[in-house]
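Trainee: The sequence isn't on hand, but the structure is:
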Ligand SMILES: Nc1ncnc2c1ncn2[C@@H]1O[C@H](COP(=O)(O)OP(=O)(O)O)[C@@H](O)[C@H]1O
Ligand SMILES: O=P(O)(O)OC[C@H]1O[C@](O)(COP(=O)(O)O)[C@@H](O)[C@@H]1O
Ligand SMILES: [Mg+2]
């Protein structure tokens, strides 16, 4: 693979996700394999603006494959949203001799990378790393599998106590605009109902489901609510149910950031490994302004506009299965 690129800068940005370290390792080792230099940019776009860059090589990414978080750290950078901030970042990239970028992050990170590419033409590829699984162009994003497994483990534990006290629990899982974690942890955790932003379940429908459960002698109920719910968060829904009837003994658990931490599952490690190598090979083949993805077990590259014009939809079959099994 011959190409003008010789120094690749890699960074992690936005919400950290388990498996980001495995992706960093894969990028760096693929660079070594193809005889390219790799540099790590610390704290995402913040480090790019401040010139916070470290040397990486095959050995320096040893023993990180199995660790949660990101050794390059992450940030949500306000300054990068401004043209002045991006110009500072470009000047630092030039100073470091970086001639291509690999960003590991979510939709926001890819949007920033696209702007940067349009303004300065630096060849760049995004690796989807976010627990939300909210990017089209890949079946799964890095971190989603681990986060969902963590949510399922938490739901199982809540089920034990819910059943012991005949209680109704509202369990809030992460997903800013996405119901992926909610729908699949709901199916795997046996939820009585799942509330996601993509589907217009009304409060009355939820109420009916809970009442039906009561009539058929359901002793406890678990309702999984995605953070981005359009009919209120877990606390608001619990309040509404309390206002309508004192029949239910209600508790609320917000799982929050514990879903972001922990060792990545085998699935996320393998996905990250494929995508990391795929990103380097994509750059060396001359691809740019694309996101690397894995669809039907094959590496694919999709342009920014193709990805961002689509929503990563939850398949109708998952919604149907969740409903049938919640009887
Ligand atoms: N429209 C934008 N223009 C420039 N930079 C952006 C834009 N949107 C996001 N970014 C940059 O990408 C970073 C990460 O995006 P964010 O939405 O926080 O997380 P994620 O990448 O996980 O979705 C932001 O903090 C910001 O620096
Ligand atoms: O950690 P923060 O900054 O509070 O952000 C929380 C958000 O980050 C996420 O965990 C991941 O979202 P991103 O991938 O867009 O960063 C969301 O599910 C959640 O809404
Ligand atoms: Mg995002």
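Mentor: Looks like it arrived, so ask away. Keep in mind that what you see is a predicted model, and the values were worked out from it rather than measured. Numbering: from 1, shown residues only. Ligands and ions are numbered 1, 2, ... in the order given.
Trainee: Name the residues of the worst-scoring helix or strand of the chain on mean pLDDT that come out as buried.
Mentor: Least confident element among the helices and strands of the chain, by mean pLDDT, DSSP states H and E: helix 203-215 (a mean of 86). Across helix 203-215, burial judged by 16 or more other Cβ atoms under 10 Å covers 206-207, 209-210, 213. (Each C-beta comes from the backbone N, C-alpha and C, glycine too.)
Trainee: Tell me the gap between that helix and the middle of its chain.
Mentor: Its chain's C-alpha centre and that of helix 203-215 lie 31 Å apart, by Cα atoms, centre = their mean, to the nearest Å.
Trainee: next one: stretch 210-230
Mentor: With Cα atoms, centre = their mean, you get 26 Å for stretch 210-230.
Trainee: now do stretch 31-47
Mentor: On Cα atoms, centre = their mean, the centre of stretch 31-47 falls 21 Å from the chain's centre.
Trainee: So for the next helix or strand after the least confident helix or strand of the chain, mean pLDDT?
Mentor: Downstream of helix 203-215, the next assigned helix or strand under DSSP states H and E is strand 221-226. For strand 221-226, mean pLDDT is 95.
Trainee: Equivalent analysis for stretch 107-118, please.
Mentor: Stretch 107-118 comes out at a mean pLDDT of 98.
Trainee: mind starting the numbering at 814 from now?
Mentor: Yes, from this point I'll number from 814; that puts the last item at stretch 920-931.
Trainee: hmm, that stretch touching ligand 1?
Mentor: Yes: Stretch 920-931 is in contact with ligand 1 by Cβ under 6 Å from any ligand atom, via 920-922, 924-925, 928.
Trainee: Name the residues that touch the least confident helix or strand of the chain?
Mentor: 981, 1005-1006, 1008, 1034, 1036, 1044-1045, 1050, 1053-1054, 1057, 1060-1061, 1139-1140 (Cβ atoms under 8 Å, 6 or more residues apart in numbering).
Trainee: Can you list which of those are found in helices?
Mentor: Mapping the contacts of helix 1016-1028 onto helices (DSSP state H) picks out 1050, 1053-1054, 1057.
Trainee: Now, of these, which are buried?
Mentor: 1050, 1054.
Trainee: pLDDT check: weakest of the ones in helices among the contacts of helix 1016-1028?
Mentor: Lowest pLDDT within the ones in helices among the contacts of helix 1016-1028 is found at residue 1057 (91).
Trainee: What sits closest to that one if chain neighbours are left out?
Mentor: Among residues not flanking residue 1057 along the chain, residue 1020 sits closest, at 6.5 Å (Cβ to Cβ, 6 or more residues apart in numbering).
Trainee: about what we covered before: which one of the residues of stretch 920-931 next to ligand 1 has the most neighbours?
Mentor: If you count neighbours using other Cβ atoms under 10 Å, the busiest of these is residue 922, which has 28 neighbours.
Trainee: Secondary structure element holding the closest residue to ligand 1 within the stretch 864-1013 of the chain?
Mentor: Residue nearest to ligand 1 within the stretch 864-1013 of the chain: residue 921 (2.1 Å; Cβ to the nearest ligand atom). Element membership of residue 921, judged by DSSP H and E, is helix 920-933.
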